[in-house]
Each structure stands twice: as C-alpha cells, then as structure tokens.
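J.: When you get a sec, could you give me coordinates for this:
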Amino acid sequence: MNPNGLFGLSDHLALLSKHGDPLEVLDATVDFEYFRDWLVDGLGYGDGAKGGRPPFDPVSMFKALILQAQHNLSDARMEFMIRDRLSWMRFLGFDLGGPTPDENTIRLFRNKLTEIGTLQRVMKAFDWQLKKKGYIPPLGDCTKSPAGQRMSGQIVDASLVPAPKQRNTEEEKAAIKAGKTADEIWPDEPNKAAQKDTNARWTLKVGGKVRFRPDGTPLPMIAIPTFGYKSHIAIDRRCGFIRSFAVTSAAHGDGRMLRQVVTTDNASGDVWADSAYRSKANEAWLSGKILRSQIHRRKPKGRPMSEATSRANGKKSSIRAHVEHVFAHQKNRYGLFIRTIGLARAEAKLTLANIAYNMDRLVFHERRAAAG
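T.: Numbers count the residues shown, from 1 in each chain. This next block holds a predicted model:
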C-alpha cells in the first residue's frame, strides 16, 4: 500500500475519523492509561532483564478484551478481527504489518487477570474514574426527575446468561450437586472432564409476553429451561452505571444476593427490586443500613392483591424497569453468552461486559452533555 497515495493508509484512517469512528470517541472519553498501574501490578511484568520476547502492552491488551466483550468474539475470531480491521488496530495501538496478539496470547492474558482478581480491581478503578468526572451517586447531574428533584438510590436485578448445555446421566448430575469436580466425576476421561462445566446449573425462566384466552383471561406464563449463569447487578438510579455486581449459577436465588450487590458506601435513599428480593431478613438488613426498601410486595397467598398495593408496585416498576435497559444492551448489542468453563471464567466474562457497558454509558452521558 502506498502511504502517500489517494487511498493510502493515512488517507483511509482520516476518512474513518471523518465519518465518526466510534472507537476514537471511546478512546477520547475513557482514560485507558488510568488502568496501567493496576494492570502492570496485577500481571507482575518484570523489567526484561531475563530476556525473551517482550509482552504486548497491557493497556492495549485490556482494550482488546473490551472489544471482545462488546462483540462477543471467541479468542480465535478476536485474533482475526484485530488483523482485519484498521480501526481496531489504531484503537489498540498496533502497526499495520507489525506483530499482533494471537488467540493463545489473548486467552492467557485474560486468564492471568482472572486468576489474580485484577479485573475486579480495574472495574473499581473505572468507578473511581467516573467519580473524578463528577458521576458520584447521588451528587452527580446525569438526569433529573420530572419534578426537578435529583434521582438517587440504586436498582437491583439479575439476568440469566446462557452457556453451552450439558448432557449428563442421573448419577453424574447427583455427583455435580454433591460438589464433586469434573476430574473427580470423570477420572478416566480427562478430555471429557475438560469440557464439563460443573458450576453452571439448569433453571426455569418464566417470562415472555402475556398471552390471553379468547375470553380475555390470561394464560399461564411459559417456563423455559435455561442452563448457565446469573448476572446480579446494582445500578445507580440517576446515571445508570453498574456500581456493583456478582455472578452465580443460574439456579441461585435472587433474594440471597441482595446484600452482595447493594452498595452501602456513598449510597443514598432507596433500593428498588422486584418481589424476588423481598424477605423479612432483607428488609431488616436494609433498615439497618439506613436504606429505604422500594422492593415490590408479593400477592397475598390465596387472596387478590389490593388495589393500593398494585398501584404502589406499578409506581415502583416505572423506576425499577431502568435496570432492564442494562441487560437489553448487553444481550442485544453484545450477544452475551458464556463460552468458557467454570464460574471464575464466567465471572471474568461478565466483569468485562459490565466494564464495557459502563464505558458505553459514559460515552452516552458525555455526548449528551456536549450537545447541551
């Protein structure tokens, strides 16, 4: 390619910028260098005195993981896309014709960050970056309520994230439920054990559009068997950033995770959640943390729900529904799906998806602020 020609590399990149390269916007909005110290400390890079090929820049590799999360790519596909897309190479800081990470390098880099817990620290570091930019719950100025009052508090919810289905015998299922590892269940079949996920679980997903009989009465909701994990998050009501999260198997109860995901530092006021989170223990815990419960009330057993309770739940739903936008963004845009084996790697996958979402959310707020 002739760099000085009409269609040379510099001209081509200039045209990408002219038409609005979203990765340039992301790079200008998020201070990726802010993560360098956490990445270097976590990875334990040496000074090169022992020789060997120098590692790829950790910030560039972290950017690659963000791109991978945003496009739900396998490691092999990610290797190809880095080499194929000029906009990606520019964003990652790689030169055309120069070395780029292969699928093994990408996998090992992500696994290293997973093993030492660096991804969680990086997400916390990005939360600090948000606070430096003024997105401090409840003091920031993201949105206002119709009455002009600043929105505060946090919204809690969970969403199922599917994984490749496992087919096991009844004896194998019993061993998995008993807590045995794959190597213990299939000691003579190491290849099979390597492909078995003993952390994911089956559960029934009840939902979908409400269907009605010809006489107008609603039909029972459909329960769909789902295998995988569950992403639990808490977002701040005003700005919509994910402030806390946890990952469990799909069968784990939502209400049991309330205390793990509700933030008590810099938290304010109310906590919204659906009725799955309502229990005497959770209500007492929230009260003890000086947080006001806005959790939906359940229908009384054997009796119809009162009109007052129904109206109150409806008002809560108008606020609680904002958390559904987070899951919709991740599932529709990112195509969220767990390809890896084990809870630790599933947590890494969802941590990166949560970081990527917060970055997208920051770009949204910064663009809106710039537009006036």
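
J.: mind showing which ranges of the stretch 1-150 of the chain have poor pLDDT?
T.: 1-7, 45-54, 137-141, 143-150 (pLDDT under 70).

J.: all helices for it, in order.
T.: 9-18, 22-29, 36-43, 58-71, 75-84, 86-92, 103-115, 118-132 (DSSP state H, counting those that start in this stretch).

J.: Let's have the ones you listed in a markdown table, adding distance to residue 290 and mean neighbour count.
T.: (C-beta placed from N, C-alpha, C; glycine too.) Formatted as a markdown table, the helices of the stretch 1-150 of the chain follow (distance: least, CB to CB, whole Å; neighbours: other CB atoms under 10 Å):
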| stretch | distance to residue 290 | mean neighbour count |
| --- | --- | --- |
| helix 9-18 | 49 | 13 |
| helix 22-29 | 34 | 15 |
| helix 36-43 | 31 | 16 |
| helix 58-71 | 35 | 21 |
| helix 75-84 | 45 | 16 |
| helix 86-92 | 43 | 19 |
| helix 103-115 | 35 | 17 |
| helix 118-132 | 21 | 18 |
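
J.: contacting residues for the nearest residue to residue 233 once chain neighbours are set aside?
T.: Spatial nearest neighbour of residue 233, excluding adjacent residues (CB to CB, 6 or more residues apart in numbering): residue 245 at 4.7 Å. Neighbouring residues of residue 245 by CB atoms under 8 Å, 6 or more residues apart in numbering: 231, 232, 233, 234, 261, 350, 351, 354.

J.: Could you look up the SS state of the first one?
T.: For residue 231, the secondary structure call by DSSP: H, G, I helix; E, B strand; the rest coil comes out as strand.

J.: and the helices of the stretch 1-150 of the chain as a markdown table, adding distance to residue 370?
T.: Output for the helices of the stretch 1-150 of the chain, formatted as a markdown table (distance: least, CB to CB, whole Å):
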| stretch | distance to residue 370 |
| --- | --- |
| helix 9-18 | 17 |
| helix 22-29 | 10 |
| helix 36-43 | 27 |
| helix 58-71 | 22 |
| helix 75-84 | 29 |
| helix 86-92 | 21 |
| helix 103-115 | 32 |
| helix 118-132 | 17 |
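
J.: Minimum distance to residue 328: which of the ones you listed has it?
T.: Residue 328 sits nearest to helix 58-71 of all these, at 14.8 Å, using CB to CB.

J.: ok and that closest one relative to helix 75-84, angle-wise?
T.: Using axes from the mean of the first three to the mean of the last three CA atoms, to 10 degrees, the direction of helix 58-71 lies 110 degrees away from that of helix 75-84.

J.: tell me the angle helix 58-71 makes with helix 103-115.
T.: 90 degrees.

J.: Would you map the strands across the stretch 151-300 of the chain?
T.: 154-162, 201-207, 222-236, 242-249, 270-273, 292-295 (DSSP state E, counting those that start in this stretch).

J.: Residue 120 against residue 352, yeah?
T.: No. Judged on CB atoms under 8 Å, residue 120 makes no contact with residue 352 at a distance of 11.0 Å.

J.: So, low pLDDT: which residues of the stretch 251-372 of the chain?
T.: Scanning the stretch 251-372 of the chain for pLDDT under 70 picks out 265-268.

J.: Recalculate using a threshold of 90.
T.: Applying pLDDT under 90 to the stretch 251-372 of the chain flags residues 263-269, 290, 298-310, 313-314, 339, 368-372.

J.: Please identify which of the strands of the stretch 151-300 of the chain is closest to residue 195.
T.: strand 222-236 (14.1 Å).

J.: And the closest one, what's buried?
T.: 226, 227, 228, 229, 230, 231, 232, 233, 234, 235, 236 (16 or more other CB atoms under 10 Å).

J.: For the residues you listed, could you give me CSV that also reports distance to residue 252 and pLDDT?
T.: Formatted as CSV, the buried residues of strand 222-236 follow (distance: CB to CB, whole Å; pLDDT from 0 to 100):
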residue, distance to residue 252, pLDDT
226, 13, 90
227, 13, 93
228, 11, 94
229, 9, 96
230, 6, 96
231, 11, 97
232, 8, 97
233, 14, 97
234, 16, 95
235, 20, 95
236, 24, 91
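
J.: Farthest pair within those?
T.: The distance between the two most remote of the buried residues of strand 222-236 (CB to CB) is 31.5 Å, for 227 and 236.

J.: Distance to residue 173 for the buried residues of strand 222-236 - can I get that in TSV?
T.: Compiled in TSV, the buried residues of strand 222-236 are given as follows (distance: CB to CB, whole Å):
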residue	distance to residue 173
226	16
227	12
228	16
229	18
230	19
231	24
232	25
233	29
234	33
235	35
236	40
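
J.: nearest to residue 253, of those?
T.: residue 230 (9.4 Å).

J.: Count the residues that sit near residue 321.
T.: Neighbourhood size, residue 321 [other CB atoms under 10 Å]: 12.

J.: Name the nearest residue to residue 249, sequence neighbours excluded.
T.: Spatial nearest neighbour of residue 249, excluding adjacent residues (CB to CB, 6+ apart): residue 201 at 4.0 Å.

J.: In contact with the one you found, which residues?
T.: By CB under 8 Å, 6+ apart, the neighbours of residue 201 are 227, 228, 249, 250, 251, 252.

J.: and if we set it to 6 Å?
T.: Applying CB atoms under 6 Å, 6 or more residues apart in numbering, we find residue 201 in contact with 249, 250, 251.

J.: Who is it paired with across the strands?
T.: residue 228 (DSSP bridges).
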